[in-house]
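1. following is a predicted model, sequence given first.
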Amino acid sequence: MDICDIVMNFYRIFLDFQAEAVRYKSEQKYNFEKINDLGPRLYHLKNAVHDLASSVSDVGVDDLFDLIVGSIFHEMLHLKEYIYVLQSYEPRYAAFSKQAETRKLAEPEKDFLRHSLQIVDEAKLGLPEKTKELEELYRDALHLLEAVLRYYRENDRLIRCILLEKELFEKMLGDDGVAGLFEKMFDSGAIEGFCRAGENFLKSGFHKEAVSAFDEAIARGNMLVPEDVKFAEKQVWLEKAKVNSVQAQLNV
């Protein structure tokens, strides 16, 4: 995975977990299969993030993101274990406990029953706490991911991917999610981000996508006011978008 794959996979995993967490809060039950499916996906993501962090010489946002994704992976294993205990073992423990009411148990059986009830109690107490911990870790990771995206803002494929996966970002960040993200990634904000994306599309031969990106930059540039502290810099990107848009339209 490169940085583009890492970002997209993280967002998709987060959305899938979030959906299950909402389900748990309303129904007091997780879908074990869906949580179990997150395990391999998180494992591969964890390894990819670690490889990325290892390839960068300076200690920075990559290392912190590496740490937090690894923490999410391990905490998810605990969550999965609690879910499995409550959905698979608790009913069997309960059946055994009921049988114990009608016959005398041997000492090993009494020990097992006591331990099984402790395991179930631990899972019942731990599940809501683990859910809360994971939600907090994901929120921290999302905040940190903004810094990661800014760090890799010169990556051509990443910029294109953000626009190509617009629907995903809108699910994550709202209707104006891509523009809001570009505002945080680039010094001249969304105008620069859309213009850079358009240039990348144009360079790669994706003329229709280039026109769309340049149009976004132009639309935002036309709303510029002189009071903007970066008015001059944004004007430069606006003029670039206008010129490049004409070139791109000739090839559509």
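-> Arrived safely, thanks for sending. Numbering: from 1, shown residues only.
2. and after the worst-scoring helix or strand of the chain on mean pLDDT, which helix or strand comes next?
-> Within the chain, no helix or strand scores below helix 90-100, which has a mean of 77 by mean pLDDT, DSSP states H and E. Per DSSP states H and E, the first helix or strand lying C-terminal to helix 90-100 is helix 107-151.
3. surely residue 11 touches residue 169?
-> Yes - look at residue 11 against residue 169 with Cβ atoms under 8 Å: they come within range, at 7.5 Å. C-beta coordinates here come from the backbone N, C-alpha and C atoms, glycine included.
4. neighbour-wise, which of the two wins?
-> residue 169 (21 against 18; other Cβ atoms under 10 Å).
5. buried set for the strand or helix carrying the more buried one?
-> Using DSSP H and E, residue 169 maps to helix 166-173. By 16 or more other Cβ atoms under 10 Å, the buried positions in helix 166-173 come out as 168-169, 172.
6. and the gap between residue 35 and residue 76?
-> For residue 35, the distance to residue 76 (Cβ to Cβ, to the nearest Å) stands at 7 Å.
7. circling back to that earlier point, switch the buried residues of helix 166-173 over to CSV; also include distance to residue 243 and pLDDT.
-> Output for those, formatted as CSV (distance: Cβ to Cβ, whole Å; pLDDT from 0 to 100):
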residue, distance to residue 243, pLDDT
168, 30, 90
169, 27, 87
172, 32, 85
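8. ok so, going back, between the helix holding residue 169 and helix 107-151, how many degrees?
-> Inter-element angle recorded for helix 166-173 and helix 107-151: 110 degrees (by axes from the mean of the first three to the mean of the last three Cα atoms, to 10 degrees).
9. just the CA coordinates of stretch 216-233, formatted as PDB?
-> This file holds the C-alpha atoms of stretch 216-233, laid out as PDB (Å, rounded to 0.1, in the frame of the first residue of the first chain):
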ATOM      1  CA  GLU A 216     -13.900  23.900  -8.500                       C
ATOM      2  CA  ALA A 217     -10.800  26.000  -8.100                       C
ATOM      3  CA  ILE A 218     -12.200  28.800 -10.300                       C
ATOM      4  CA  ALA A 219     -15.500  28.800  -8.400                       C
ATOM      5  CA  ARG A 220     -13.800  29.200  -5.100                       C
ATOM      6  CA  GLY A 221     -11.400  31.700  -6.500                       C
ATOM      7  CA  ASN A 222     -14.200  33.900  -7.800                       C
ATOM      8  CA  MET A 223     -15.400  34.300  -4.200                       C
ATOM      9  CA  LEU A 224     -12.000  35.700  -3.000                       C
ATOM     10  CA  VAL A 225     -12.000  39.000  -1.200                       C
ATOM     11  CA  PRO A 226      -9.000  41.300  -0.800                       C
ATOM     12  CA  GLU A 227      -9.300  41.000   3.000                       C
ATOM     13  CA  ASP A 228      -8.100  37.400   2.800                       C
ATOM     14  CA  VAL A 229      -4.600  37.200   4.300                       C
ATOM     15  CA  LYS A 230      -3.500  35.000   1.400                       C
ATOM     16  CA  PHE A 231      -5.400  36.800  -1.300                       C
ATOM     17  CA  ALA A 232      -2.300  37.300  -3.500                       C
ATOM     18  CA  GLU A 233      -1.200  33.700  -3.300                       C
END
